[in-house]
Each structure stands twice: as structure tokens, then as C-alpha cells.
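Asker: Okay, here's the prediction I keep looking at, along with the sequence it came from:
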Number of protein chains: 2
Amino acid sequence: MHQPAGRPAATAFVPGHVTGFFSAHPAPDPGAAGSRGAGVALSDGVTVTVTPGSGTRLNGETVDIAPVGTVLDRLGTEASVEAETPLPIGSGFGVSGAVALGTALAANAAFDCGRTENELVEVAHCAEVEAGTGLGDVVAQARGGLPIRLEPGGPRHGTLDGLPARPRIEYVTFGELSTETVLSGDTDRLSAAGAEALDELLAEPTVDRFINTSREFADAAGLLTDDVSEAIEAVEAAGGQAAMAMLGRTVFATGTGLSDAGYEPTVCRVDAAGGRLVDRDA
Amino acid sequence: MHQPAGRPAATAFVPGHVTGFFSAHPAPDPGAAGSRGAGVALSDGVTVTVTPGSGTRLNGETVDIAPVGTVLDRLGTEASVEAETPLPIGSGFGVSGAVALGTALAANAAFDCGRTENELVEVAHCAEVEAGTGLGDVVAQARGGLPIRLEPGGPRHGTLDGLPARPRIEYVTFGELSTETVLSGDTDRLSAAGAEALDELLAEPTVDRFINTSREFADAAGLLTDDVSEAIEAVEAAGGQAAMAMLGRTVFATGTGLSDAGYEPTVCRVDAAGGRLVDRDA
């Protein structure tokens, strides 16, 4: 498409993504590295606008998000990146992956980089893996829905499926967990629990089973914090189901699980589309 | 998710899909059969509601859409299928594929069939191929956006990519072409032209190139009718770009191509999400 007259600019939206369970699969080639697991793409996400210039801002503040620079380098561009999100940062919503993928989609459109969707997802996935800020958010955020990562890696290596459901989602956040710290530690126990959870989900691919296996995973992987554990138990006591977002001190529930337990959660829906350009003239 | 109280029911939306160019790839296994090519998923689509009962209705009229019965059989269910669409029938918009995929998504949700998204797309794709009503619409309609079918087949065999763009789309329809008649004839010339068009698109994966290669394909494959040819030439004379929808006497253009040429087109957008359940309580 021809660019509108004036300064090139483009905007992309990428959903937030909470992972319920995962196994880590490092590899020398970042395109082959990634995770297996399952999660939810959220209607709360990150809007990324790219224009000529430099610097990255998140909700108006100058930030250094390592994958963003890598994405722009790989596309052979320099740009100013403005990201806006209502999501908590560092709390398991895949904000860094969303900014990376949104930057790739918007920069490609603004500067006519001529890449396909798979190529842009690959660039963002590799940038995220190299920075150590995530392993599987980008491919899940590109697909949308309730993505199942069957095989790890970017589009050239990975395989995705999805749960065909669109539950209402509630979430509360108690604070940050460092993805880098967990992923750079011993992930054997975590990955064994994640592989088991995936087998259980594929035996009965429903939302109920997804939340159940996710809850069991957080416990088995030794990642539960006291506040998260308390909230999950409160939801269950009220007759609902909840799990922990990997990796953050965040609890998510389907339906009215957290409300029924007396919390005041943020409410959103499943984002079916995944990362995409925003129609600027819509 | 728990079903709401009362009669099980679910609704899915599947975008219409116009193919710009394709090559046909028959195979004994319908999951491996399909087409390579590229097209556009449209915000005009088909809404499918499944409830207990029997019979298929399209815009209120009882119809026999062969793939629908196959999909329900494979899911082990019987159902009443109500499909509604503003799209012209038999004119290259993939309505049969949309009804097949919508039936699969909605029946799975209404009757707890426990299939994943890929499994439902596979069922709908195979039903469409077996009926001879289409080769590649279902996988494209499941992905959304501007899908590129790199390798033919359902999710177990095929490979998709996409053009990262969201142009405004205009279309006019002059009448029907029979998909079955074209696909059951000699497709060698058509497929050679389709393979060449795909190579050209992948060398420069942009919307402009997609429309250009599609226009050249319709000519090279010998599928142009006089009314379609006249409309495409009129759009070009007015400075725009248009192509023919495979397989129908339908012309589609980006931006305001058909309006600028004096036609009164239907206007829609790209559907980014692809086939999905509709939130009934949204």
C-alpha cells in the first residue's frame, strides 16, 4: 500500500499473554529455542507506534527494552518507538514480547521493509530469546486466542495449536518476578512439570483442564509465592478456578473467579486475532 | 467452560475469503490435498449458530451444503446449523468453507467435543476437499489477514504465512462460477500460472505485488470473463488496482479502486482474527 502523505508512521496492537505452564527449550539457534506450554492472549495489550527518530518510550517514560533495538537492527531501520499499555510491567503479561512484535509489525509497515508476517514474528521471537526476556510469548501473541505451543521456537521451527474457547478473564497482580532470573537458573524441575502439564492438556483440550494443569504446574515447579497461593485458594474456595501467570506474581481466573472470591480484579477478554497492524483510518 | 443453563448452543464467525491466485494440489489424503496461493480474509463473513436438531439453513433458506454433514459426522454430533451472511453465494467468497469451519467451531463448543483449533480446521478442510467445493479457503479463513498458502493442505500438512497489511477492500460481483467445474477440469495451465505468481509475491511480499500477480494470474489461467475484465481495466484506467476472486465473477480492489472507476462496490476491511467463537455474552 502507498504510504499516506507526510511522515511515515504505523501502529500495531499486540495482546498481552499469560502463560499457565511451560517447559524451557534452549538452543544455540534462537529461532529454534523457545518453550512448550499454553496460555491466554488478552484483549489488554500493547499499542506500538513507530515513526522516524530514535528512542523507546513505554507509557510516556523513556525505557531500554533490549529486544526493540535488536528488532530495528534486523529490519535495517532506526525509529522512535512509542508503546502504551494498561498491563502491569514485569508481572507475567509478556509486555517485552508485545513491544518487540509490535515494533516489528509497525516498523515494517512504516518503512516498507517488505517482510512477511512469519518473518516479522521470527525477528521478534529471536530478539526476545537473545535478550533472555522470554521464550514463548511472541509466537503466542502473534497467534492470539488460547495458544498451545506444541513445539518450541519461532515460525520456522515451532508448532502451535489453540483451545477453541473465549472465556472472560480476570486478573490481579501482586508484583514482579524476574523472567531472566528464573530462566537463567535450573529449569529441569520446572520443565519436567511443564511437559507433564502439556500431555495432560492435550488429552483433554478444554479451558477447565488448562487452568487445572496450570495450577498444578505452579506448585510442582516451586514458583508459587504466598500472595499468589492465597488468591488461588480463595478462588477455589468460592467455587472457581485460577492459576499463576508465568512469570509474575499474578493470578488469573476464568469467568468471575476472582470477583466471587472478594478480589477487585481487572477484567478482560481473549484476543482472538493476535498481533496486527491497526487501521489508522478506521 | 461450563455451558450456560438450558439448551446447548454456540455461535462462530468465519471471514469470507477471496483467493487472488492459486495452484491446485490434489492428493489421496484430503488432509494433504489443497492449494498454494494468496488471498484476503474479509470482515464480511458468515455467522454460524449450532443448536440441537437437524437441517442446515443459509440466510433462512434450507440448503444442502455437503461439507456441513461431513463435519458433523466427524465430530460425532447431529445439529441444526443456521448460517447468515451478506456475501454473494458461489461467487468466490469461500462461503461453503466458512460454513464448514463455523459449524466445526460452534458444534465443538455447543456439544463439548473436546477438539483443538487445529483439529477443527483439519475436519473442515478435509470435508471441503472431499466435497470438491474448495481447496484452500478453510485454512486461510482460519488464519485471517492476508493469508499466503506456502504449502498445501490442512494444519497437519500445510504451511501458511501472511502479508502484514490491512487495506480497505472493495468488491463487486457479476455472478457465479462453479468451483467444482473448474477444479474438476484440466488445472495444469492454471497451476503453472499460480506457482509463478506465488514466487513473484514471495520475492516482494506487498499488497501491491499481490494484486498485480493476481491480475496476471487470472489472465494467464484463462479464467477472465468479459464483465470481470472490463471492471479490472476500468479500475486501472482510474489509477487503481484490482483482481478477480477465484472462483467467481467477482472483482476486488484495494483502497477506493472500484469507487474511483464509477462502480458502486461493497466496502469491507481485512479480518485479522480468522474463524472464531463469538462471545455470546459480550
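Answerer: Thanks, I have it.

Asker: Could you identify the longest strand within chain A?
Answerer: strand A:34-51 (DSSP state E).

Asker: same question for it, mean pLDDT?
Answerer: Averaging pLDDT along strand A:34-51 yields 98.

Asker: do the same with stretch A:167-176
Answerer: Mean predicted confidence for stretch A:167-176 is 94.

Asker: just stretch A:99-106 next, same as before
Answerer: Here stretch A:99-106 scores 98 as its mean pLDDT.

Asker: Show me which parts of that stretch are buried, residue by residue.
Answerer: Neighbour counts over stretch A:99-106 (16 or more other CB atoms under 10 Å in any protein chain shown) mark A:99-106 as buried. C-betas here are computed from N, CA, C, even on glycine.

Asker: The longest strand of chain A: what's the following helix or strand?
Answerer: Next helix or strand after strand A:34-51 toward the C-terminus (DSSP states H and E): strand A:56-58.

Asker: What strands line up against that next one, and which way round?
Answerer: strand A:61-63 (antiparallel), strand A:80-84 (parallel) (DSSP bridges).

Asker: Can you tell me the number of residues neighbouring residue A:222?
Answerer: 9 (other CB atoms under 10 Å in any protein chain shown).

Asker: cool, residue A:272 as well?
Answerer: 24.

Asker: Relative to residue A:134, how far out is it?
Answerer: From residue A:272 across to residue A:134, the span is 22 Å (CB to CB, to the nearest Å).

Asker: hmm, back to that, kindly export the longest strand of chain A (C-alpha atoms) in PDB.
Answerer: Output of strand A:34-51 as PDB, limited to C-alpha atoms (Å, rounded to 0.1, in the frame of the first residue of the first chain):
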ATOM      1  CA  GLY A  34      11.700 -21.400  22.900                       C
ATOM      2  CA  SER A  35       9.100 -23.100  25.100                       C
ATOM      3  CA  ARG A  36       6.300 -25.600  25.000                       C
ATOM      4  CA  GLY A  37       3.200 -24.700  27.000                       C
ATOM      5  CA  ALA A  38      -0.100 -23.000  27.000                       C
ATOM      6  CA  GLY A  39      -1.500 -19.600  27.800                       C
ATOM      7  CA  VAL A  40      -4.100 -16.900  27.100                       C
ATOM      8  CA  ALA A  41      -3.800 -13.900  24.700                       C
ATOM      9  CA  LEU A  42      -5.600 -10.900  26.400                       C
ATOM     10  CA  SER A  43      -7.600  -8.100  25.000                       C
ATOM     11  CA  ASP A  44      -5.500  -5.900  27.200                       C
ATOM     12  CA  GLY A  45      -2.300  -5.400  25.300                       C
ATOM     13  CA  VAL A  46       0.300  -3.100  24.000                       C
ATOM     14  CA  THR A  47      -0.200  -0.400  21.300                       C
ATOM     15  CA  VAL A  48       3.100   0.400  19.500                       C
ATOM     16  CA  THR A  49       3.600   3.400  17.200                       C
ATOM     17  CA  VAL A  50       6.700   3.700  15.100                       C
ATOM     18  CA  THR A  51       7.900   7.000  13.500                       C
END
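
Asker: Against which helices or strands is that strand packed?
Answerer: Under the contact criterion of 3 or more CB pairs under 8 Å, 6 or more residues apart in numbering or on different chains; DSSP states H and E, strand A:34-51 touches strand A:10-25, strand A:80-84, helix A:95-110, helix A:137-143, strand A:146-151, helix A:188-203, helix A:207-220, strand A:266-268.

Asker: got the ones you listed as TSV, with distance to residue B:62 columns?
Answerer: Below are those laid out as TSV (distance: least, CB to CB, whole Å):
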stretch	distance to residue B:62
strand A:10-25	40
strand A:80-84	50
helix A:95-110	44
helix A:137-143	36
strand A:146-151	35
helix A:188-203	38
helix A:207-220	34
strand A:266-268	40
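
Asker: ok, back up a step: which of the buried residues of stretch A:99-106 are close to chain B?
Answerer: The subset of those lying close to chain B, counting by CB under 8 Å from any CB of the partner chain, consists of residue A:105.

Asker: Kind regards, and thank you for your time.
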